[in-house]
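Enquirer: got a sequence here, can you build the structure:
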Amino acid sequence: MDRREFMHVLAMAGAVAGVSGCAAGRYPGQQDIYRMKPFGQARLLHFTDCHAQLLPVYFREPNVNLGFGTAFAQPPHLVGDALLQYAGIAPGTRQAHAFSYLDFSESARRYGKVGGFSHLRTLVNRLRSEVSAGSSLLLDGGDTWQGSGTAYWTRGQDMVGACNLLGVDVMTGHWEFTYQDTEVVANIEASGSDFVAQNILLTEDAMFEDAAAFDEDSGHVFPPYVLREVGGKLVAIIGQAFPYTPIANPSRFMPDWTFGIRAGELQALIEEIRGKHAVNAVVLLSHNGMDVDLKLAGVVTGLDAILGGHTHDGMPKPVIVSNAGGKTIVTNAGSNGKFLAVLDIEFGDTGIRDFRYQLLPVFSNLLEADAEMEAYINGVRSPWLEKLQEPLATTEDLLYRRGNFNGTFDQVICDAQRAVGDAQIALSPGFRWGTTVLPGESVTMERVLDQTCITYPETYVREMTGERIKLILEDVADNLFNPDPFYQQGGDMVRVGGLDYVCEPLAPAGQRISAMTLEGGTLVEAGKTYKVAGWATVGSKAPGPPIWDVVAEYLRDRKTIGATRLNTPVLKGVEKNPGLADYEVPG
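Expert: As a prediction, the model looks like this:
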């Protein structure tokens, strides 16, 4: 059976099974959650976007993940009950808690925290021990070295050590590049894994100046791919780093490197690999974001699977995408160490014959902590433990970040900027990383750092015209709702404080934002100026203190955070969208 015939059979099996390539259409019961019978000759394990969370955390999934056009009512743009129905997951179960926002606080207390590298290592080792030696690979999709205080203070070195203990074989990146380029290279050299990225090249000036690169002739800064023998078969793993890094993050950290999707170059590379090597499978380890991966799978041929990240979509089922050469499996493995994807592959004479796939939630109270990893984590945290554990305030509200518009923790950050900076309006980036705090819990300095810890944390307070504020919102809305996935850069809408507005996602670019008002109802006028606080400037460095100091000052003064008033926009044109549930706007 050749690859085209395999993919046809795969698609037909998927239509019958409910989970493509997997015999069961429903997730197993709680007692069987990690019992996955080995299948085939090779096992690929995949995690992504852990954002430096070494300890177990709470992480709430979104109730807003809008999709339009061909993405309407399609994964990953399904939330709550719509997602559970799509995946065949019973409401009220442990799996329902893992994959949805529903009854989050109550379910979190019942089922406990998720992730934690000591628990993840236990699961990885268990799954690798179930197959023969040399039959598994552990793949890291990136956003691993950033997102915590210890990662910031060690410049990502704490995560390099943790991943070496975890046994990562291959990785690619995104937020890794927000350290200085020399630090990135040093961390890769200290890593026990292969770092691959076909879409990072030297700039023309850097090539002219003979800047260091993996391949000075092609300009590839890192190896584009790696070949690994898995289960006696040859598998090519191609790296696809986040293509918009110098736009979404400061280019001053990697001035010699240029990024992009580079679909044409990817196609040529796949053909080169298949022409030069007798590979049994070609896999893309991607940090594009799921919508970009879905489009890429439709225009590029020769990929058996895309194991994706960046958009933090915990997808319990893979999507099978048709293209001119056959079909491609597309997955996304969530974030924060919360999930581990398992792709078991059965090879035929010339390629893949069949597969099984599961996305396993990592529940820390179901998995014993690995002693060696736990000792390592305690060691790297110990110099900063007192600072991390400082209690700043108690929250009466569920504090979370995730969703196309404001989360409650985002709102606290905006409120802090307004209060400390005496500003009318606050702006905060639509990051998707950041842990969750349950009602009644202490908001520690560590939880604040989880939300804010980047290498360009400086704040500002400046005058902006109403026209400029609208332009900022329009620009981010176009990034989020552009009908062409290749122009979507991931992330969510800029968070706002002290500002209400109307958003129409399906309107043309530049016309999505209207009716901007200050909280008291005063219309924001284009020609008037307003005092605006913000942080995380991508261009030049801002003059103010780090955002975590601003938020910490605000929380220390208040001691208690009550019910949070969200500055969420009124939405138009989103009726009956299954990517929207339990959405409230300010009264």
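
Enquirer: and for the residue nearest to residue 248 when sequence neighbours are not counted, the neighbour number?
Expert: Setting aside the residues directly before and after it, residue 248 is nearest to residue 489 in space (CB to CB, 6 or more residues apart in numbering), at 5.4 Å. C-betas here are computed from N, CA, C, even on glycine. Here the neighbour count serves as a burial measure; for residue 489 (other CB atoms under 10 Å) it reads 19.

Enquirer: what about residue 489, distance to residue 288?
Expert: When CB to CB, to the nearest Å is the yardstick, residue 489 and residue 288 sit 10 Å from each other.

Enquirer: before we move on, what about residue 529?
Expert: Here the distance between residue 529 and residue 288 works out to 39 Å (CB to CB).

Enquirer: where does residue 384 land in three-state SS?
Expert: For residue 384, the secondary structure call by DSSP: H, G, I helix; E, B strand; the rest coil comes out as helix.

Enquirer: does residue 120 count as helix, strand or coil?
Expert: Residue 120 - assigned by three-state DSSP - is helix.

Enquirer: please disregard the earlier target; I meant residue 274.
Expert: helix.

Enquirer: list the contacts for the residue nearest to it when sequence neighbours are not counted?
Expert: Leaving out its chain neighbours, the residue that sits closest to residue 274 by CB to CB, 6+ apart is residue 302, at 6.0 Å. When the contact criterion is CB atoms under 8 Å, 6 or more residues apart in numbering, the partners of residue 302 are 267, 270-271, 274, 282, 325.

Enquirer: what do you get for residue 313?
Expert: Applying CB under 8 Å, 6+ apart, one finds that residue 313 lies in contact with 65, 75-76, 290, 332, 334.

Enquirer: and for residue 216?
Expert: Residues counted as contacts of residue 216 (CB under 8 Å, 6+ apart) are 207, 210.

Enquirer: what do you get if the cut-off is 10 Å, keeping everything else the same?
Expert: By CB atoms under 10 Å, 6 or more residues apart in numbering, residue 216 lies in contact with 202, 207, 210.

Enquirer: try residue 485
Expert: Contact analysis of residue 485 by CB under 10 Å, 6+ apart lists 69-71, 261, 288-296, 298.

Enquirer: equivalent analysis for residue 345, please.
Expert: Taking CB under 10 Å, 6+ apart as the definition, contacts of residue 345 comprise 21, 39-44, 135, 230-231, 233, 235, 280-281, 283, 304-305, 329, 351-357.

Enquirer: looking at this, it is in a helix?
Expert: No. Looking at residue 345 with three-state DSSP, it is strand, so not inside a helix.

Enquirer: once you drop chain neighbours, what's closest to it?
Expert: Leaving out its chain neighbours, residue 345 is closest to residue 42 (CB to CB, 6+ apart), at 4.5 Å.

Enquirer: surely the one you found touches residue 231?
Expert: Yes. Counting by CB atoms under 10 Å, residue 42 does reach residue 231; the two are 3.9 Å apart.

Enquirer: in the chain, where is pLDDT below threshold?
Expert: Across the chain, the ranges flagged by pLDDT under 70 are 1-32, 586-587.

Enquirer: please look at residue 310 and residue 285 and confirm they touch.
Expert: No. Judged on CB under 10 Å, residue 310 makes no contact with residue 285 at a distance of 11.7 Å.

Enquirer: and for the two, which residues touch both?
Expert: Counting by CB under 10 Å, 6+ apart, the shared contacts of residue 310 and residue 285 are 48, 141-142, 240-241.

Enquirer: quick one: buried ones out of these?
Expert: Neighbour-count burial (16 or more other CB atoms under 10 Å) is assigned, among the shared contacts of residue 310 and residue 285, to 48, 141-142, 240-241.

Enquirer: what strand or helix carries residue 138?
Expert: With elements delineated by DSSP states H and E, residue 138 resides in strand 136-140, which encompasses its position.

Enquirer: and that strand, which strands flank it?
Expert: Strands adjacent to strand 136-140 in the sheet, as given by DSSP bridges, are strand 42-47 (parallel), strand 170-171 (parallel).

Enquirer: mind checking how far that strand is from the chain centre?
Expert: Its chain's C-alpha centre lies 18 Å from the corresponding centre of strand 136-140 when counted by CA atoms, centre = their mean, to the nearest Å.

Enquirer: mind giving me the packing neighbours of the helix or strand following it?
Expert: Counting by DSSP H and E, the next helix or strand C-terminal to strand 136-140 is helix 149-154. Using 3 or more CB pairs under 10 Å, 6 or more residues apart in numbering; DSSP states H and E, the elements in contact with helix 149-154 are helix 157-166, helix 371-381, helix 385-388, helix 445-452.

Enquirer: swap in 7 Å and give it another go.
Expert: Counting by 3 or more CB pairs under 7 Å, 6 or more residues apart in numbering; DSSP states H and E, the packing neighbours recorded for helix 149-154 are helix 157-166, helix 371-381.

Enquirer: can you name the residues in contact with that helix?
Expert: Outside of helix 149-154, the residues that reach it under the criterion CB atoms under 7 Å, 6 or more residues apart in numbering are 52, 145, 158-159, 380-381, 384, 388, 446, 449, 453.

Enquirer: residues near residue 391, how many?
Expert: Other residues within reach of residue 391 by the criterion other CB under 10 Å amount to 14.

Enquirer: and it, how far from residue 150?
Expert: Following CB to CB, the distance that separates residue 391 from residue 150 is 18 Å.

Enquirer: same question for residue 156.
Expert: In this structure, residue 156 and residue 150 are separated by 10 Å, where distance is defined by CB to CB.

Enquirer: domain map for this structure?
Expert: By the record's domain assignment, the chain is partitioned as 3-17+46-57+113-376, 389-571 (automatic domain parsing).

Enquirer: deepest-packed of these, please.
Expert: With neighbours taken as mean count of other CB atoms under 10 Å, the domains of the chain reach their highest mean count in domain 3-17+46-57+113-376, at a mean of 21.

Enquirer: what's near enough to touch the residue nearest to residue 319 when sequence neighbours are not counted?
Expert: Distances taken as CB to CB, 6+ apart put residue 330 closest to residue 319, at 4.7 Å, once the chain neighbours are dropped. Neighbour list for residue 330: 293-294, 297, 306, 308, 318-319, 321 [criterion: CB under 7 Å, 6+ apart].
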